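Novice: Okay, here's the prediction I keep looking at, along with the sequence it came from:
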Amino acid sequence: MMDLKKIEQGVKLVLEGIGEDLDRPGIARTPQRVAKSMAELCRGLDPSSRAPIAVMSEDDQNEMIIVKDISFSSMCEHHLLPFLGRCDVVYLPADDRIAGLSAIVELVENLAARPTIQERLTTEIANTLMEELQAKGVMVVMEAEHMCLAMRGVKKRDSRIVTSAMRGYLKRPETRSEALSLIGRSTRGR
């Protein structure tokens with residue numbers, strides 16, 4: 001359970017720390033707004049916010065299934081700044097076990113809704129899909145723009161970070177190449 005009052009107190013300290021006037025009309029309600037935003041942006045921290053992936057049985061379902069261009073937003077755990085991007089998910093069903101397509105989108109959105117790093121997020125999505133679908137193979141490719149790179153430090157706008165995780169049969173070079181081709185990537189990048 002999130003403590004919104006504690007978040008409000010923290011935001012007040014930050015605003016005071018940067019020299020802002022807490023009574024200024026544009027700032028007066030900022031602590032409450034930020035607390036509500038944090039509750040929404042970090043909803044994935046609540047273990048009850050995600051149900052296991054519902055699996056269906058469909059005859060003759062043993063070919064690649066791809067969900068492309070799943071938009072996501074997350075928050076860098078190092079700077080509490082957002083990173084935004086797209087995720088491609090590929091899986092090879094086992095024993096005719098498939099997931100509803102919206103379940104895969106919901107998984108990505110839920111796991112992204114917390115402070116994390118893109119590398120861990122990519123791995124968590126792949127591991128969860130392998131485990132819950134009992135798939136023959138899984139590939140997750142994420143590409144995102146990180147505000148901690150764009151707005152501070154090196155200030156490189158439009159830089160993209162690409163991470164991938166392959167499990168099972170999708171580690172095989174020929175299967176991996178086919179999947180990358182289908183999602184519009186080559187082994188040399190986009």
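Specialist: Arrived safely, thanks for sending.
Novice: hey, where'd the helices end up in the chain?
Specialist: 4-17, 30-41, 101-112, 118-133, 147-150, 173-182 (DSSP state H).
Novice: For Tyr91, find the nearest of those helices.
Specialist: helix 118-133 (5.9 Å; Cβ to Cβ). Glycine gets a C-beta too; all of them are placed from N, C-alpha and C.
Novice: now that closest one, how far from the centre of its chain.
Specialist: 10 Å (Cα atoms, centre = their mean, to the nearest Å).
Novice: Could you check the angle that helix makes with helix 101-112?
Specialist: In terms of direction (axes from the mean of the first three to the mean of the last three Cα atoms, to 10 degrees), helix 118-133 departs from helix 101-112 by 140 degrees.
Novice: How about residues contacting helix 118-133?
Specialist: Outside helix 118-133, the residues that touch it by Cβ atoms under 8 Å, 6 or more residues apart in numbering are 52-53, 55, 74, 83, 85, 87, 89, 91, 93-94, 97-99, 104, 107-108, 111-112, 116, 135, 138-142, 144, 146, 161, 163-168.
Novice: tell me the contacts of Leu22?
Specialist: Leu22 touches Lys12, Leu15, Glu16, Ala28, counting by Cβ under 8 Å, 6+ apart.
Novice: circling back: which one of the helices of the chain has the poorest average confidence?
Specialist: Mean pLDDT is lowest for helix 147-150 among those, at a mean of 90.
Novice: In space, not sequence, find me the middle residue of this structure.
Specialist: In the chain, the centroid-proximal residue (Cα atoms, centre = their mean) is Ala112; its distance is 3.2 Å.
Novice: got a list of what that one touches?
Specialist: Neighbour list for Ala112: Gly44, Phe72, Ser73, Ser74, Leu121 [criterion: Cβ under 8 Å, 6+ apart].
Novice: Which pLDDT value goes with the residue lying farthest from the centre of the chain?
Specialist: The centre of the chain is farthest from one residue, Asp23, which by Cα atoms, centre = their mean lies 36.3 Å away. Looking at Asp23, its pLDDT is 97.
Novice: list the buried ones in stretch 52-61?
Specialist: Using 16 or more other Cβ atoms under 10 Å as the test for burial, stretch 52-61 gives Ile53, Val55.
Novice: Val108 and Asp69 touch, don't they?
Specialist: No: the criterion here is Cβ atoms under 8 Å, and Val108 misses it with Asp69 at 10.9 Å.
Novice: So for those two, which sits in the more crowded spot?
Specialist: Val108 (25 against 11; other Cβ atoms under 10 Å).
Novice: out of everything not next to it in sequence, what's closest to Asp158?
Specialist: Among residues not flanking Asp158 along the chain, Glu145 sits closest, at 6.9 Å (Cβ to Cβ, 6 or more residues apart in numbering).
Novice: Tell me if I'm right that that neighbour and Leu84 touch.
Specialist: Yes: between Glu145 and Leu84 a contact is recorded at 5.8 Å, counting by Cβ under 8 Å.
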